[in-house]
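Participant: Predicted model, plus sequence, below.
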Amino acid sequence: AQSVSQHNHHVILSEAASLELGCNYSYGGTVNLFWYVQYPGQHLQLLLKYFSGDPLVKGIKGFEAEFIKSKFSFNLRKPSVQWSDTAEYFCAVRGNAGNMLTFGGGTRLMVKP
Amino acid sequence: DAGVIQSPRHEVTEMGQEVTLRCKPISGHDYLFWYRQTMMRGLELLIYFNNNVPIDDSGMPEDRFSAKMPNASFSTLKIQPSEPRDSAVYFCASSLPPLAGGDTQYFGPGTRLTVL
């Protein structure tokens, strides 16, 4: 069975600070990897995804993530966060079997103005 | 497109009552997913359908929960009888098939359920 681990449950940053959120997955085969964001009071939205090719993936709003196969990791990064990035971030993995996503526990990011 | 539509947005009920949550997927999406989000357990997949057929319901917590998809544009998640521990936000999501670009699941706004 696939599983996803997000190490940081809560992160507090000041505006303009750099962000890196960790995500590690457990799955033996080929995976598709996703980062979703949930702004306060809103539903989940896709930030970025990795299927194949360049392991450095760029998403919306200046976010990027790097797939490191040897480390089973897909960390999310942003060079300079803004107050509007305050949200909960979810890493997710989809394996070969079926169309199911397995989500990590989420990381709550608070950006102080 | 209006996106995934869920109703009601908020539901407050008393323990023992039946609760029905509704979802309309994006038109043309063959896959429909029901998730539950709680502080303790995070985001959990309850069940998903492909072409109106339940494919995996291993996440359904117990027999009190049931889900149906009578047609391609409508699904329900029913809890009978409801219990306080069912209080959560329930999300519906839909997607195209994986090989047809269905790599992204589109989520609805959720139903916040409170069972007193």
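Facilitator: Sure, I can see it.

Participant: Confirm for me that residue A:80 is in contact with residue A:17.
Facilitator: Yes. When contacts are counted by CB atoms under 8 Å, residue A:80 is listed as touching residue A:17 (7.3 Å). The way it works is simple: take the backbone N, C-alpha and C, and place the C-beta from them, glycine included.

Participant: residue boundaries of the strands in the chain?
Facilitator: In the absence of a named chain, this looks at chain A. Defined through DSSP state E, the strands belonging to chain A, from first to last, are A:3-5, A:10-14, A:19-21, A:24-26, A:32-38, A:44-50, A:56-58, A:64-68, A:73-78, A:87-94, A:102-103, A:107-112.

Participant: That was the other one, I meant chain B.
Facilitator: With DSSP E as the criterion, chain B has strands spanning B:5-7, B:10-13, B:19-24, B:31-38, B:42-50, B:53-56, B:65-71, B:74-79, B:88-95, B:106-107, B:111-115.

Participant: So which bits of the fourth one are buried?
Facilitator: Within strand B:31-38, the residues that count as buried by 16 or more other CB atoms under 10 Å in any protein chain shown are B:31-37.

Participant: how about the strands of chain B in TSV, adding distance to chain A and mean pLDDT?
Facilitator: Output for these, formatted as TSV (distance: least, CB to the nearest CB, whole Å; pLDDT from 0 to 100):
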stretch	distance to chain A	mean pLDDT
strand B:5-7	9	96
strand B:10-13	12	96
strand B:19-24	12	98
strand B:31-38	5	94
strand B:42-50	4	92
strand B:53-56	6	93
strand B:65-71	15	96
strand B:74-79	15	97
strand B:88-95	7	95
strand B:106-107	4	93
strand B:111-115	10	96
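
Participant: now these in TSV, with distance to residue A:73?
Facilitator: Putting the strands of chain B into TSV (distance: least, CB to CB, whole Å) gives the following:
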stretch	distance to residue A:73
strand B:5-7	33
strand B:10-13	38
strand B:19-24	33
strand B:31-38	24
strand B:42-50	19
strand B:53-56	26
strand B:65-71	34
strand B:74-79	34
strand B:88-95	25
strand B:106-107	25
strand B:111-115	33
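
Participant: Quick one: closest of these to residue A:44.
Facilitator: strand B:106-107 (4.3 Å; CB to CB).

Participant: show me the contacts for residue A:102.
Facilitator: A:2-4, A:25, A:92-95, B:45 (CB atoms under 8 Å, 6 or more residues apart in numbering or on different chains).

Participant: repeat that for 6 Å
Facilitator: The contact partners of residue A:102, by CB atoms under 6 Å, 6 or more residues apart in numbering or on different chains, come to A:2, A:4, A:93.

Participant: Point out the least confident one among these.
Facilitator: Ranked by pLDDT, these bottom out at residue A:2, which scores 76.

Participant: Is that residue in contact with residue A:94, as I believe?
Facilitator: No. The criterion here is CB atoms under 6 Å, and residue A:2 misses it with residue A:94 at 8.0 Å.
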